[in-house]
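K.L.:
need a structure here:
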Amino acid sequence: MEMIKRPENMRMTLKTARELAGYTQASAAKAIGVSADTLLNYEKGKSYPDIPVLRKIEEVYKVRYSQLIFLPMDFG
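P.N.:
The predicted structure is shown next:
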């Protein structure tokens, strides 16, 4: 899998990663193999993807898990 070149220490939310990869929520959900509602819940921090889904997110968005930030929207 070819990763999009970003600074090694750059961290981003799942939504930002999706937008940088050029996906709408609906198209990303389809490519990852989850419903749009499930992806929305991941992006809002209401639920979290399991390992197989994380691997698919890495593949689709061309990012590494270590680059993603999983925080609920009301964090802080």
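
K.L.:
what's the burial count for the residue lying closest to Tyr48 once chain neighbours are set aside?
P.N.:
Nearest residue to Tyr48, sequence neighbours excluded (CB to CB, 6 or more residues apart in numbering): Phe70, at 5.9 Å. Where you see a C-beta, it was placed from the backbone N, CA and C, and this is true even at glycine. Neighbours of Phe70 under the rule other CB atoms under 10 Å: 14.

K.L.:
and Phe70, what does it touch?
P.N.:
Phe70 makes contacts with 14, 42, 45, 48, as judged by CB atoms under 8 Å, 6 or more residues apart in numbering.

K.L.:
Pick out the residue nearest the middle of the protein.
P.N.:
Leu14 (3.5 Å; CA atoms, centre = their mean).

K.L.:
Look at the nearest residue to Asn41 once chain neighbours are set aside and give its secondary structure.
P.N.:
Using CB to CB, 6+ apart and skipping the chain neighbours, the partner closest in space to Asn41 is Ser47 (4.4 Å). Put simply, Ser47 is coil when judged by DSSP: H, G, I helix; E, B strand; the rest coil.

K.L.:
any idea how far Ser47 lies from Met10?
P.N.:
25 Å (CB to CB, to the nearest Å).

K.L.:
mind listing the helices for the chain?
P.N.:
Here the chain has its helices, by DSSP state H, at 14-20, 25-32, 36-44, 51-61.

K.L.:
so what secondary structure elements neighbour the longest one?
P.N.:
Identification of packing neighbours for helix 51-61 by 3 or more CB pairs under 8 Å, 6 or more residues apart in numbering; DSSP states H and E yields helix 14-20, helix 25-32.

K.L.:
unless I'm mixing things up, Tyr48 is touching Ile57, no?
P.N.:
No: proximity of Tyr48 to Ile57 does not meet the contact threshold set by CB atoms under 8 Å, at 11.1 Å.

K.L.:
Which one's more surrounded, the two?
P.N.:
Ile57 (24 against 12).

K.L.:
contacting residues around the spatially closest residue to the more buried one that is not a sequence neighbour?
P.N.:
In space, and not counting its chain neighbours, Ile57 is closest to Ile32: 5.9 Å by CB to CB, 6+ apart. For Ile32, the contact set (CB under 8 Å, 6+ apart) comprises 39, 53, 56-57, 60.
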